[in-house]
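Visitor: Turn this into a structure:
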Amino acid sequence: MKTIIFFAALILTSCAIQNQSVVREPAKDGSIETVISVKHYKGYDLLTTTHKVWINNMVDKIITKSDTLKPLGNVTKRVDDGWGGEKTRTFPKAYEVYITVK
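Guide: Down below sits the predicted model:
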């Protein structure tokens, strides 16, 4: 979940740099809202893409697609242990998500 929030913030930041505007909520009178998530499981990653189609301030349709991906392996990071020290933890490596809108 933290990965999704990071990528959403990254996308919003890059849009703000180029267009000098940030969308906080989709226009619900006619828009498509897309959510992409990647969840890590043992042996595979699950990619889920959900599209909400908004028409006249109501959700007209929800389209959800899921697919399995090969995991990228693990990455080791040093994290705060909560007691002022550090410990090494292993996390699943996250996919980078790039979105092209035409």
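Visitor: quick one: contacts for Val38?
Guide: Applying C-beta atoms under 8 Å, 6 or more residues apart in numbering to Val38 gives the contacts 3-4, 45-48, 69, 94-95, 97. C-beta here means a position set from N, CA and C on the backbone, and glycine is covered the same way.
Visitor: how does it look with 7 Å?
Guide: Applying C-beta atoms under 7 Å, 6 or more residues apart in numbering to Val38 gives the contacts 3, 45, 47, 94-95.
Visitor: Next: Ile62.
Guide: Residues in contact with Ile62 (C-beta under 7 Å, 6+ apart) are 50, 52.
Visitor: Next: Val75.
Guide: By C-beta under 7 Å, 6+ apart, the contact list for Val75 reads 91, 93.
Visitor: Check Pro92 too.
Guide: By C-beta under 7 Å, 6+ apart, the contact set of Pro92 is 40, 71, 74.
Visitor: ok, now Gly43?
Guide: Pro71.
Visitor: gap between it and Thr100?
Guide: If you measure Gly43 against Thr100 using C-beta to C-beta, to the nearest Å, the figure is 30 Å.
Visitor: again with Val22
Guide: 19 Å.
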